[in-house]
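**Q** predicted model and sequence below, questions to follow.
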Amino acid sequence: MEAAWKESAGRVRQVVKKEVIQILRDRKFLVLVLVTPVLQTVIFGYVANVDVTDIPTVVCDLDRTNQSRELADRFLQSGFFSAAGRIDDPREADRWLDGGKAKVVLVIPPDYSRAVAGKKGAAIQVLTDATNSNVAGIAGSYASAIVAAANVDLLLARLHKIGIRAQETVLVEPEVRVWYNPELKSVNFMVPGMLCVILLTATMNLTGISMVREKERGTAEQLSVTPVRSWELVLAKVLPFVGIGFINMVFILFLGIFWFGVPLAGSLGLLFALSGIFIFTSLGLGVLISTVAATQQQAMMMAQFFMVPNMLLSGFMFPIANMPVAIQYVTYLVPLRYYVEIVRRIFMKGAGLGELWNQLVPLAVFGIVAVGLASLRFRKVQK
């Protein structure tokens, strides 16, 4: 028995050696494997930023009083809105919004100061460009908060006029404490997600292409007549990509932590251990693809077929809670969903294994099913 295991290990070692030599000789493939994930991380880290600040804003002040100028200054000095220009006619707002020169137009009516001083109150207009609904919604929330703060100041001023000092008034002051991401930086949320997506791409896609390439070159038939068994061949083919997956992970973590300053609150060892289970799953999917595809182009298309739903339904870009209920149930069939949740919890919350088991178990089941189906399919193809 021990001799049989040694022979099996020797065969696997020789095929792994062949794969490593083949990868190192193919410079283009090596660049694709090692350089592309680094470039993707850098690009995503700078581009995939959902923080909304410095929204280009045009002010139309028809009142031209100290009170109206003070309100406009509240907007422009908040850090959320930046001055893009001033207009004297509200009808010019269309030109600014249509041309994309402004995202928000603040219109202060001519009777603003009188209305503020009276009992009716004043109405201002905040026109937003909703071609990007996210920016428009956040701009509206910012505007509401600024106007609410202005209302409090006006109320305190009126109370002061009738002899009530601010100290005597009772106001509700919320103390908002943000946990896990105190600075509300989107990069702290996006970079861990990018790690998941890039690992999926680097393992599943490249494994499928590599194994299909054996078919195209005719070396798969040569390997099938050697003493190497099917499971040994599958294991030997995927082991180099396990190493490549972890190398990519090291690069991405280095960039995320030291370049983008993303804090890692949890255990680095636990992150690598659970990432190994995900790599195991994605490699199984890659082998499964290779048993169905006849060419590298087919393998790439099939890999895209798997990756796009994984990216859209995993919560990497869009919150699962905001999806329709039926789609939320579909996300349970997406393995990347569980890995994204695991990585983000380790990064941002410092979660341990006890808090992650409900994500880990489904991910491990996916891995076992994927590798099992890939092995069965591979044996059938070999026969």
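**A** Sure thing, it's come through.
**Q** from now on I want contacts and neighbour counts done on CA atoms only, so please keep to that.
**A** Will do.
**Q** domain ranges for the chain?
**A** Using automatic domain parsing, the domain parsing of the chain gives 2-49+185-382, 55-168.
**Q** hey, which of the ones you listed is tucked in deepest?
**A** domain 2-49+185-382 (a mean of 18; mean count of other Cα atoms under 10 Å).
**Q** chain center to that domain: distance?
**A** Distance of domain 2-49+185-382 from the chain centroid (Cα atoms, centre = their mean, to the nearest Å) equals 17 Å.
**Q** kindly report the same for stretch 147-156.
**A** Chain-centre distance of stretch 147-156: 38 Å, with Cα atoms, centre = their mean.
**Q** what mean pLDDT does it have?
**A** Averaging pLDDT along stretch 147-156 gives 80.
**Q** now stretch 291-310
**A** On average, stretch 291-310 scores 82.
**Q** same check, this time on stretch 36-54
**A** 77.
**Q** check the secondary structure at residue 184 for me.
**A** When classified by DSSP: H, G, I helix; E, B strand; the rest coil, residue 184 comes out as coil.
**Q** roughly how far does it sit from residue 178?
**A** Per Cα to Cα, to the nearest Å, residue 184 is found 8 Å from residue 178.
**Q** for those two, indicate the residue with more neighbours.
**A** residue 184 (12 against 9; other Cα atoms under 10 Å).
**Q** show me the contacts for residue 75.
**A** 81, 143, 146 (Cα atoms under 8 Å, 6 or more residues apart in numbering).
**Q** should've said residue 204
**A** Residue 204 makes contacts with 282, 283, 284, 285, 286, 287, 303, as judged by Cα under 8 Å, 6+ apart.
**Q** let me know the closest of those residues to residue 131.
**A** Distance to residue 131 across the contacts of residue 204 (Cα to Cα) is lowest for residue 303, with 32.0 Å.
**Q** ok, which stretches of the stretch 1-150 of the chain are helices?
**A** Using DSSP state H, counting those that start in this stretch, the helices of the stretch 1-150 of the chain run over 2-25, 27-47, 66-76, 93-98, 112-117, 133-161.
**Q** what pLDDT, on average, does the first one get?
**A** What it means is helix 2-25. 75.
**Q** for this structure, which element, helix or strand, carries the lowest mean pLDDT?
**A** Ranked by mean pLDDT, DSSP states H and E, the weakest helix or strand in the chain is helix 219-224, scoring a mean of 60.
**Q** what comes into contact with the next helix or strand after it?
**A** Using DSSP states H and E, the helix or strand that follows helix 219-224 in sequence is helix 230-254. Applying Cα under 8 Å, 6+ apart, the contact partners of helix 230-254 are 8, 11-13, 15-16, 19-20, 33-34, 37-38, 41, 195, 199, 202-203, 207, 211, 224, 272, 276, 279-280, 283, 287, 375, 378-379, 382.
**Q** please consider this matter closed, and thank you.
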